[in-house]
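K.L.:
return atomic coordinates for the entry below.
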Amino acid sequence: LSQAKEGNFQSLALTVDFSWYGNRERDIRNGFTIPPAYTLNQMYEALKKPAWTWDFLSNPAYKYALIKDDVPADSLAAFINSQIYPAFSWKDAEWLCSEWSGPKAIKGICRPED
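P.N.:
Next comes the predicted model:
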């Protein structure tokens, strides 16, 4: 929270429907991994998009400002699980919103009782 304030973030978006890593069948089917596993098919696809490939290779890696970068990314599931806290509760959400003075939004409410 202090990092977001120091970074001059203006609003808070709290995602409440992401307390565990889902079974991402499309990622499994497409061979999406963290760290990336460069396959022959991926290299072929990269050759078909030279502008995108050049941009990807010639610029620094994209980083999210507030994601923990000290976590080894052995797999997508391990990375996602290292970023979330499954015990997060509505009391935690209430506290977090009370600590933030700017606009707030809560995303992912699925049930009326929530």
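
K.L.:
what are the ranges of the strands in the chain?
P.N.:
12-15, 104-107 (DSSP state E).

K.L.:
need these in CSV (columns: mean neighbour count).
P.N.:
All C-beta atoms are positioned from the backbone trio N, CA, C, and that covers glycine. Formatted as CSV, the strands of the chain follow (neighbours: other CB atoms under 10 Å):
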stretch, mean neighbour count
strand 12-15, 14
strand 104-107, 12
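
K.L.:
right, so of the ones you listed, which gets closest to Thr33?
P.N.:
Nearest to Thr33 among the strands of the chain is strand 12-15; the distance by CB to CB comes to 23.2 Å.

K.L.:
what is the neighbour count of Leu1?
P.N.:
A count of neighbours around Leu1, defined by other CB atoms under 10 Å, yields 11.

K.L.:
could you number the chain from 24 rather than 1 from now on?
P.N.:
Sure, I'll start numbering at 24, so the last one becomes Leu24.

K.L.:
closest one to Gln106 among the strands of the chain?
P.N.:
Proximity to Gln106, assessed across the strands of the chain by CB to CB, is greatest for strand 35-38 (10.9 Å).

K.L.:
what sits up against that closest one?
P.N.:
By CB atoms under 8 Å, 6 or more residues apart in numbering, the list of residues contacting strand 35-38 from outside reads 27, 116, 119-120, 123, 125-131.

K.L.:
that older thread, mind putting the strands of the chain in JSON lines, distance to Ala84 and mean pLDDT included?
P.N.:
Rendered in JSON lines, the data for those read as follows (distance: least, CB to CB, whole Å; pLDDT from 0 to 100):
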{"stretch": "strand 35-38", "distance to Ala84": "24", "mean pLDDT": "88"}
{"stretch": "strand 127-130", "distance to Ala84": "27", "mean pLDDT": "90"}
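
K.L.:
now for the ones you listed, which one comes closest to Asp78?
P.N.:
Nearest to Asp78 among the strands of the chain is strand 35-38 (27.7 Å), distances taken as CB to CB.

K.L.:
adjacent strands (with direction) for the closest one?
P.N.:
Each strand that strand 35-38 pairs with, and the sense of that pairing, follows from DSSP bridges: strand 127-130 (parallel).
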